[in-house]
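S.K.: Pasting a predicted model and its sequence here:
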Amino acid sequence: TLRGCPYKCTFCDIGDDYWQKIKTFEMERVEKEIDWMSDRKIEYVAVCDSNWGLMPRDVDITKYVIKKKLENGYPKFWDVTWAKANSDRIYEIAMLDKEAGTRLFKGITFAMQSLNTDTLDATKRLNLKQDQALEYLQKYEEHDIPTYSELIWPMPNETYDSLKSGIQTLIDLGQKSFLMVHPLVITYNATMGQPWYQKKYKFKTNEVPLDTFYLSVDDLQDYIVEKTYAVVETESASVDLVLRGHLLSHLLIVMYYYGWGHYLMEYLKNKHNISQVDVSEKMLTYFLKSDTLIGDELRKTDESLKNVFERGEFWGRQVLGEDDIFWEYKGATSIIFSKNRDTLKLELIQFCKDTYDLDLEDVVTFNMDMCRDYKFNYPIEKEYNLDTVKHCTGVDSTKINITHWDDEKLSPLEFYHRAYHYQRKNRYWRNNIFI
């Protein structure tokens, strides 16, 4: 609906002065394009605007998209890049979608990219202030509106410890829905793509393909693979630490944001004041060299990432046979965990015994039960220790009913795509409880 961006992020190719002017298209044109997409039953629309919610008229456009979906069901998804500021307007837009029940958005973005002050200075990044982030994360949580955050690793002046600190800060602010930690790749026209900038921060880069996730082998045979450069080392992060940062992020996101250890981590934080990042660091060290399901997944992810960074191979992993797509790494691991839930459960119980000298079988059982299983017909009634439910959810009850908002019967493949691809950002994995 417009072109241009008022911000100057050095990692983005529209952070240049050339793109500072905002050019909007006429509303009549915008509405006609929405009509065209709706009439032709276009399910998924990716909006090219860089800051949805920046302009007051974005509210009116959202209302129009909601109107069209309520009339004939399309578009089903309106995927936007949210503005970095204007939180009141974004909240208004999110509530319009919530109240209409249209589920247009995958979630509301809190895209910080880094929470390290020196990194923000080096990248000219303007973030939402932490007190505002806390306020709005709480508002969205109260209305059960999914949110997600984004970080980039390894940014200039970012260290392994500052990455961990940033992730934990996001969680402490209330980001319990979703997080992505993107690998830093160079965009040629960005300030970060200039030789002087890379020399200043001592970037080491290797050529890699652009995003090849969710493509199949057949797709890639006729696919024009574009190339870019990934940052594999900086002045503040060695090659080994960069890889460990990617692997730690992978494990934490799989466990906390894809659900497999979410409530276990909530319990350890609420009952024993052990942070989610500290648990993830302990898990990474414990499992990485172990003969376990979790260890095997870590090593396969590590190997695939090295193949991308060192040999320029395609991103992603096939886990469902030779005809499978290349899944994004967290989705690939989640499919393996979903197919081996009993083994995963036993390994997490043993980890807690060996690492913290705690018998948390009831907590891990609750965690597994809260991860939707496509084989179950919900709701189901379960009973747990009061201590488990209280420190995992804040609910004072031993008997609870577990359900999921989507009661459609799905095949395994349909479930994997819905839970770990299309709707991974809006907590599809998570069951709900009621007394």
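M.R.: Received it, and whenever you're ready, just let me know what you need. Numbering: from 1, shown residues only.

S.K.: Could you report the distance from the residue nearest to Ile66 when sequence neighbours are not counted to Lys139?
M.R.: Excluding its sequence neighbours, the residue lying closest to Ile66 (C-beta to C-beta, 6 or more residues apart in numbering) is Ala100, at 4.8 Å. Bear in mind the C-beta positions are built from the backbone N, C-alpha and C, glycine included. Distance of Ala100 to Lys139, given as C-beta to C-beta, to the nearest Å: 18 Å.

S.K.: for Met265, same thing?
M.R.: Taken as C-beta to C-beta, the span from Met265 to Lys139 is 23 Å.

S.K.: Which one's more surrounded, those two?
M.R.: The neighbour comparison of Met265 against Lys139 (other C-beta atoms under 10 Å) goes to Met265, with 25 against 17.

S.K.: which non-adjacent residue is nearest the more buried one?
M.R.: Nearest to Met265 is Gln276, by C-beta to C-beta, 6+ apart, at 4.6 Å.

S.K.: Quick check, the residue nearest to Ile66 in contact with Leu70.
M.R.: Yes - counting by C-beta atoms under 8 Å, Ala100 touches Leu70, with 6.6 Å between them.

S.K.: one step back: surely the residue nearest to Met265 and Lys269 touch.
M.R.: Yes - counting by C-beta under 8 Å, Gln276 does reach Lys269; the two are 6.2 Å apart.

S.K.: What average pLDDT does the helix or strand where Ile167 lies get?
M.R.: According to DSSP states H and E, Ile167 maps onto helix 160-173. In this model, helix 160-173 has a mean pLDDT of 95.

S.K.: how far does the helix or strand that comes right after that helix sit from the chain's center?
M.R.: Sequence-wise, the next helix or strand downstream of helix 160-173 (DSSP H and E) is strand 179-183. From the chain centre to the centre of strand 179-183 is a distance of 7 Å (C-alpha atoms, centre = their mean, to the nearest Å).

S.K.: Direction included, what does strand 179-183 pair against?
M.R.: Sheet pairing of strand 179-183 (DSSP bridges) gives strand 147-153 (parallel).

S.K.: So, low pLDDT: which residues of this structure?
M.R.: 12-19, 85-86, 126-128 (pLDDT under 70).

S.K.: so how far is Asn426 from the residue nearest to Ile66?
M.R.: 16 Å.

S.K.: Settle it for me: which of these two has more neighbours?
M.R.: Using other C-beta under 10 Å, the more surrounded residue of Ala100 and Asn426 is Asn426, with 19 against 16.

S.K.: ok, that one - contacts?
M.R.: 103, 106-107, 146, 177-178 (C-beta atoms under 8 Å, 6 or more residues apart in numbering).

S.K.: Gly295: which of those is nearest?
M.R.: Distance ranking of the contacts of Asn426 against Gly295, using C-beta to C-beta, places Phe178 first at 25.0 Å.

S.K.: And the strands in the chain?
M.R.: 2-3, 23-24, 44-46, 77-79, 108-113, 147-153, 179-183, 185-186, 204-209, 227-233, 380-383, 399-403, 432-434 (DSSP state E).

S.K.: between those strands, which gets nearest to Lys124?
M.R.: Nearest to Lys124, of the strands of the chain and by C-beta to C-beta, is strand 108-113 at 11.0 Å.

S.K.: what's the closest non-adjacent residue to Tyr44?
M.R.: Closest to Tyr44 by C-beta to C-beta, 6+ apart is Phe77, at 4.8 Å.

S.K.: quick one on the thing from earlier: who has more neighbours out of Gln276 and Lys269?
M.R.: Using other C-beta under 10 Å, the more surrounded residue of Gln276 and Lys269 is Gln276, with 24 against 17.

S.K.: any idea how far Glu28 is from the more buried one?
M.R.: From Gln276 to Glu28 the distance is 49 Å (C-beta to C-beta).

S.K.: Likewise for Phe11?
M.R.: Distance, Phe11 to Glu28, using C-beta to C-beta: 35 Å.

S.K.: Just want to know which of those two has more residues nearby.
M.R.: Higher neighbour count among Phe11 and Glu28: Phe11, with 25 against 8, using other C-beta under 10 Å.

S.K.: The more buried one touches Met155, doesn't it?
M.R.: Yes - between Phe11 and Met155 a contact is recorded at 7.5 Å, counting by C-beta under 8 Å.

S.K.: residues touching the residue lying closest to Arg57 once chain neighbours are set aside, list them.
M.R.: Nearest residue to Arg57, sequence neighbours excluded (C-beta to C-beta, 6+ apart): Met27, at 6.8 Å. Counting by C-beta under 8 Å, 6+ apart, Met27 makes contact with 57, 60-61.

S.K.: Please compute how far the longest helix anywhere in the chain lies from its chain's middle.
M.R.: For the chain, the helix with the greatest residue count under DSSP state H is helix 293-311. Centre-to-centre, helix 293-311 and its host chain are 19 Å apart (C-alpha atoms, centre = their mean).

S.K.: please begin residue numbering at 24 from this point
M.R.: Right, with 24 as the first residue, what we last looked at is helix 316-334.

S.K.: what does it contact?
M.R.: 229, 231-232, 253, 255, 266, 269-270, 273-274, 306-307, 310-312, 336-340, 352, 355-356, 359-360, 363, 366-367, 370.

S.K.: residues of it that come out buried?
M.R.: Neighbour-count burial for helix 316-334, counted by 16 or more other C-beta atoms under 10 Å, picks out 316-318, 320-321, 323-325, 327-328, 331-332.
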